[in-house]
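1. Here is my input; please provide its structure:
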Amino acid sequence: MSSKLPLNVRMGTLTSQNVNLRRHHDNPILLPNVGNSWESYAVFNPAVIKRGRTYYMLYRALSPPATSRGSVTISSIGIAKSRDGVHFYDRRRFIYPEHGWERFGCEDPRITKVDGRYYITYTAIAVLPPTADWIRVAVAISDDLRRVSEKYLVTPFNAKAMAIFPRRIRKRLVAVLTVHTDKPPAYISVAELSDDPSRWSEEMAEWYRRYMDHVIRPDPRRSELDHIEVGAPPIELEEGWLLIYSYIQNYFGEPIKRVFGVEALLLDLDDPRRVIKRTSYPFMTPEEVYEVYGIVPRVVFPTSALLEGRTVKIYYGASDTSCCQATIMLSKLRLMLDGGVAPVFKRHEKNPIIWPDRRYWWRGFSVFNPAAIELEGKIHILFRAFSEDKTSTIGMAVSEDGLNIDKILDEPVYVPREEFEMKRGLGHSGCEDPRIVKINDKLYMFYTAFDGIDPPRVALTSISVRNFLNMEWEWTPPILASPPWIDDKNACVLRERIDDKYFYIHRAGGINVVYDYLDSLETVDVERLLMLPLLSNRPGMWDGKKVGLAAPPLKVEEGWLMFYHGVSHDGVYRVGAALLDRKKPDEVLARTITPILQPEEWYEREGYVNNVVFPCGAVLRDNTVFLYYGGADRYVCVATAQLDEIMSLLFPR
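-> Residues are numbered from 1 along each chain as shown. This is a model prediction of the structure:
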């Protein structure tokens with residue numbers, strides 16, 4: 001076994017695998033400057049706008065506690081310039097406490113240019129310690145971004161995160177803001193404003209009398225425990241206003257389960273109170289070291305976004321410590337707003353292709369989670385079968401066209417044989433969820449061995465291709481390929497050796513996909529397994545609870561195409577894809593930001609376990625991928641997709 005480590009482990013950093021959303025390689029793009037006391041502690045929550053060829057960033061800056069009124073940090077707003085939107089220079093203090101209503105801080109700016117004037121909205125802190133009624137929105141006006149000409153308090157009530165729309169709506173200035181951020185529940189709302197900012201506080205006082213009439217509908221929150229705040233100023237698209245915003249899951253629940261995420265809304269062009277579309281989960285959560293560790297750990301907070309061509313540049317604060325940038329294709333955001341599933345796979349019209357059959361004791365309750373392999377022009381489907389007493393065996397069906405079943409064998413082709421897979425209780429046991437790989441003249445089958453009591457373990461057996469085709473089931477005695485003390489399953493090896501070793505993929509610990517390099521498939525020293533990280537769950541996203549290998553990876557021109565299942569925190573099983581480097585498969589080159597298959601049909605939503613699509617087999621014929629999966633732990637199903645369409649999701653043009 002090799003001890004070589006992936007790049008992200010060798011460098012001692014976390015590396016995002018959310019390749020469709022690309023964090024800039026120079027992140028953080030702005031760090032505290034110890035040479036300036038006012039910004040020496042933290043710089044974050046950047047608001048970026050482009051003026052001619054120059055980018056201007058306004059950002060929240062914190063002075064160190066030791067030099068600011070005892071142990072209190074004071075926020076002011078800095079400004080910097082850049083030619084490329086990444087490397088900023090000429091940093092200076094731009095907005096700072098001057099009035100009583102902002103005496104203890106100017107925080108979290110947003111900037112918009114309308115009719116030649118720059119409107120910079122920010123959070124004004126009037127008292128310490130901060131109390132809700134004295135956390136309010138203010139505005140600063142500038143004509144040239146060299147100096148501030150006017151400053152006014154905007155909201156005489158608790159609010160934060162106001163942004164001005166970049167053009168007038170029905171001839172009026174319009175703002176989107178978050179009301180009651182510190183007196184929950186908070187609401188994202190829309191307000192019309194006059195051309196005189198000195199009157200905005202008076203206007204907003206009247207507006208506040210009926211603020212619920214101005215709340216966006218429907219409410220984007222998915223739970224009463226969640227919290228929302230306006231992020232970037234809206235971006236105008238043909239179909240509506242794109243609002244990038246902060247969605248914090250479980251904000252009012254257990255702190256350990258809190259997840260800061262970035263999501264999107266599409267608001268009506270004429271009446272932005274009306275939500276046309278919304279994302280169902282975040283497209284960005286804390287993953288990188290600078291997002292996970294800082295003054296406030298595990299925070300990504302968007303405060304500005306620019307549409308440049310077909311790309312959206314998102315500027316955000318990381319852990320309330322630094323300023324960062326990430327980019328995402330507009331087409332990806334539109335896909336997420338349209339439901340979040342890339343429509344590349346087409347289900348077979350005759351799904352399920354295999355049903356439980358009570359005439360046979362061993363598959364009378366369920367048939368599901370099929371492996372698949374093509375031999376001599378036929379696709380052999382090895383599926384997990386449940387008897388009425390929940391004993392798992394493995395059956396086989398054969399199909400010439402890959403869609404319609406020509407034959408199902410009457411007896412299982414593989415049954416529990418060893419003590420570690422024999423039933424020891426009244427629950428589930430047996431040989432579960434096979435994956436099969438052809439190497440030379442042998443077929444190697446990995447499966448989950450479970451006795452109903454001890455943790456599930458990876459088992460490995462093999463059979464000659466000749467005996468398999470002759471249906472002479474002379475499988476080798478199974479060996480265990482995982483330690484006894486840990487839950488391990490969802491395993492296979494690549495069908496080609498890498499540096500004369502087998503690249504072994506499995507899921508040790510029940511949450512993330514890991515890998516090892518094996519010297520042999522005849523014996524595995526489980527004490528020497530390193531279980532190095534390959535693919536991690538993304539908390540808060542559709543694959544936030546756990547991930548696992550689906551089918552053995554397919555070798556394609558660009559690398560190894562690996563399908564995986566991802567489980568959300570509400571227990572829904574979906575399917576995603578990742579691409580591994582051809583020569584260094586421990587490097588993930590790309591990963592889909594959205595699922596490519598999710599439970600939609602009745603046979604996926606209702607069964608022994610509801611809301612499950614679970615593949616264990618994939619076959620590539622010409623340019624068509626046949627994906628074989630279990631539906632709701634009850635049925636065997638198949639869906640097809642064109643390979644180039646899958647690859648376009650991993651590498652968007």
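2. List the contacts of the most centrally placed residue in the chain.
-> Of all residues in the chain, the one closest to the mean position by CA atoms, centre = their mean is Met541, 4.0 Å from it. By CB atoms under 8 Å, 6 or more residues apart in numbering, the residues touching Met541 are 261, 281-283, 285, 566, 568. The way it works is simple: take the backbone N, C-alpha and C, and place the C-beta from them, glycine included.
3. On the three-state scheme, it is what?
-> For Met541, the assignment made with DSSP: H, G, I helix; E, B strand; the rest coil gives coil.
4. Count the residues that sit near the residue lying closest to Arg91 once chain neighbours are set aside.
-> Residue nearest to Arg91 in three dimensions, not counting chain neighbours: Ala80, with 4.5 Å by CB to CB, 6 or more residues apart in numbering. Look at Ala80: counted by other CB atoms under 10 Å, it has 24 neighbours.
5. ok, now which ones touch Ala80?
-> When contacts are counted by CB under 8 Å, 6+ apart, Ala80 touches 30, 56-57, 59, 88-92.
6. same thing but 10 Å
-> Taking CB atoms under 10 Å, 6 or more residues apart in numbering as the criterion, Ala80 is in contact with 29-30, 33, 39, 43, 46, 48, 55-59, 87-92, 94, 323.
7. repeat for Leu589
-> 17, 19, 558-560, 578-582, 650-651.
8. Closest one to Arg435 out of those, please.
-> Nearest to Arg435 among these: Trp560, at 14.1 Å, using CB to CB.
9. Bridging across strands, which residues link to the closest one?
-> Taking DSSP bridges as the rule, Trp560 bridges to Lys555, Leu580.
10. Let me know whether it touches Leu549 as I believe.
-> No. With contact defined as CB atoms under 10 Å, Trp560 does not reach Leu549; the gap is 11.6 Å.
11. Among the two, which residue is more densely surrounded?
-> Set Trp560 next to Leu549 and count neighbours by other CB under 10 Å: Leu549 wins out with 28 against 23.
12. Identify the residues contacting that one.
-> 433, 435, 446, 489-492, 505-507, 513-515, 534-535, 562-565, 578, 615-616.
13. Among these, which lie within strands?
-> Mapping these onto strands (DSSP state E) picks out 433, 435, 446, 489-492, 505-507, 513-515, 534-535, 562-565, 578, 615-616.
14. any residues in contact with both of Trp560 and Leu549?
-> Contacts common to Trp560 and Leu549, judged by CB under 10 Å, 6+ apart, are 505, 578.
15. Check which residues of the particular helix or strand that has Ala590 in it are buried.
-> Per DSSP states H and E, Ala590 falls inside strand 588-591. Buried positions in strand 588-591, judged by neighbour count with 16 or more other CB atoms under 10 Å: 588-591.
16. Likewise for stretch 471-485?
-> In stretch 471-485, counting by 16+ other CB under 10 Å, buried: 475, 478-483.
17. go on, stretch 629-643?
-> Of the residues in stretch 629-643, 629-641, 643 count as buried by neighbour count, 16+ other CB under 10 Å.
18. just curious, which of those is nearest to Glu150?
-> Using CB to CB, these come closest to Glu150 at Ala641, 56.7 Å.
19. coming back round to it: buried only: go through the contacts of Leu549 for me.
-> Buried members of these, scored by 16+ other CB under 10 Å, are 433, 435, 446, 489-492, 505-507, 513-515, 534-535, 562-565, 578, 615-616.
20. what distance separates the start and the end of stretch 533-553?
-> By CA to CA, to the nearest Å, the extent of stretch 533-553 from end to end equals 17 Å.
21. Give me the distance from whichever strand or helix holds Ser648 to the chain's centre.
-> Using DSSP H and E, Ser648 sits within helix 643-650. Between the centre of helix 643-650 and the centre of its chain there are 18 Å (CA atoms, centre = their mean, to the nearest Å).
22. Ok, stretch 489-507 next?
-> When C-alpha coordinates are averaged (CA atoms, centre = their mean), stretch 489-507 and its chain have centres 25 Å apart.
23. what about the helix or strand hosting the residue nearest to Arg91, average pLDDT?
-> Using DSSP H and E, Ala80 sits within strand 75-82. Averaged over strand 75-82, pLDDT sits at 98.
24. In CSV, could you pull the C-alpha coordinates for it?
-> This file holds the C-alpha atoms of strand 75-82, laid out as CSV (Å, rounded to 0.1, in the frame of the first residue of the first chain):
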residue,chain,number,x,y,z
SER,A,75,-16.2,48.8,12.3
SER,A,76,-15.6,51.3,9.6
ILE,A,77,-15.7,51.0,5.8
GLY,A,78,-12.6,50.9,3.6
ILE,A,79,-12.3,51.4,-0.1
ALA,A,80,-9.7,49.9,-2.5
LYS,A,81,-9.1,49.8,-6.3
SER,A,82,-8.2,47.0,-8.7
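25. List the neighbouring strands of that strand plus their orientation.
-> strand 54-62 (antiparallel), strand 88-95 (antiparallel).
26. Now the element after the lowest-mean-pLDDT helix or strand in the chain, going C-ward?
-> Ranking every helix and strand in the chain by mean pLDDT, DSSP states H and E puts helix 7-10 at the bottom, with a mean of 30. Reading on from helix 7-10 to the C-terminus, the next helix or strand found by DSSP H and E is strand 21-23.
27. Which secondary structure elements does the very next helix or strand once past that next one sit against?
-> Per DSSP H and E, the first helix or strand lying C-terminal to strand 21-23 is strand 42-51. Other helices and strands packing on strand 42-51, by 3 or more CB pairs under 10 Å, 6 or more residues apart in numbering; DSSP states H and E, are strand 54-62, strand 75-82, strand 88-95, strand 106-114, strand 117-125, strand 300-308, strand 311-318, strand 322-329.
28. CA-only coordinates of the last one, as CSV, when you get a sec.
-> When you say that, I think you mean strand 322-329. This file holds the C-alpha atoms of strand 322-329, laid out as CSV (Å, rounded to 0.1, in the frame of the first residue of the first chain):
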residue,chain,number,x,y,z
SER,A,322,-11.2,38.2,5.0
CYS,A,323,-12.6,39.1,1.5
CYS,A,324,-13.0,36.5,-1.2
GLN,A,325,-14.3,36.0,-4.7
ALA,A,326,-16.0,33.0,-6.4
THR,A,327,-17.4,32.6,-9.9
ILE,A,328,-20.3,30.6,-11.2
MET,A,329,-21.8,30.3,-14.7
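29. for that strand, what is the average pLDDT?
-> Per-residue pLDDT over strand 322-329 has a mean of 97.
30. can you state the direction angle for the helix or strand following it and helix 643-650?
-> Where DSSP H and E defines the elements, the next helix or strand beyond strand 322-329 is helix 330-337. On the basis of axes from the mean of the first three to the mean of the last three CA atoms, to 10 degrees, helix 330-337 is oriented at 90 degrees to helix 643-650.
31. Can you get me the centre-to-centre distance for helix 330-337 and its chain?
-> 14 Å.
32. In terms of secondary structure, what does that helix contact?
-> Against helix 330-337 (3+ CB pairs under 10 Å, 6+ apart) you get strand 235-237, strand 240-249, strand 259-267, strand 275-278, strand 300-308, strand 311-318, helix 643-650.
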